[in-house]
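In: please work out how this folds:
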Amino acid sequence: MDILTSAPQAPRTNAHCERVIRTLRTEVCDHVLILNEAHARQVLTEYQRHYNHHRPTKPGNNDHPTLTNNPR
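Out: Sure thing, here's the model as predicted:
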């Protein structure tokens, strides 16, 4: 295991990393028995695909309610 230090220009990086690690622990590691490093990489790759594909952060089109031009 390597220790990575966060850059002084990005002080909130550590908080983001801790949140990602907590999410992975609760959503992946509590449900899957990891056998070795190759299996861990495979599971994390599949979770990354699922997380980015099935849970988009932005709407696919511009039909978002806050972006519509409603005349008042």
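In: how many neighbours does V20 have?
Out: Around V20 there are 11 other residues, counting by other Cβ atoms under 10 Å. (Glycine included, C-beta is placed from N, CA and C.)
In: three-state assignment of it?
Out: Assigned with DSSP: H, G, I helix; E, B strand; the rest coil, V20 falls in the helix class.
In: gap between it and N14?
Out: 11 Å (Cβ to Cβ, to the nearest Å).
In: quick one: contacts for the residue nearest to the spatial centre of the chain?
Out: Nearest to the geometric centre of the chain sits V20, at 5.8 Å (Cα atoms, centre = their mean). For V20, no residue meets the contact criterion (Cβ atoms under 8 Å, 6 or more residues apart in numbering).
In: need the per-residue pLDDT for it.
Out: Note for V20: predicted pLDDT of 86.
In: R41 now?
Out: For R41, pLDDT reads 92.
In: how far away is it from D30?
Out: In terms of Cβ to Cβ, R41 sits 18 Å off from D30.
In: and if you look at Q9?
Out: Relative to D30, Q9 is positioned 34 Å away (Cβ to Cβ).
In: from V28, how far off is the residue nearest to the centre of the chain?
Out: Distance of V20 to V28, given as Cβ to Cβ: 11 Å.
In: kindly report the same for N52.
Out: Using Cβ to Cβ, N52 is found at 14 Å from V28.
In: tell me which helix or strand comes right after the helix or strand of the chain with the lowest mean pLDDT.
Out: For the chain, using mean pLDDT, DSSP states H and E, the weakest element among its helices and strands is helix 13-24, scoring a mean of 85. The element immediately downstream of helix 13-24 (helix or strand, assigned by DSSP states H and E) is helix 37-54.
In: ok, and what's touching that next one?
Out: Everything outside helix 37-54 that qualifies as a contact, by Cβ under 8 Å, 6+ apart, is 24, 27-28, 32, 34.
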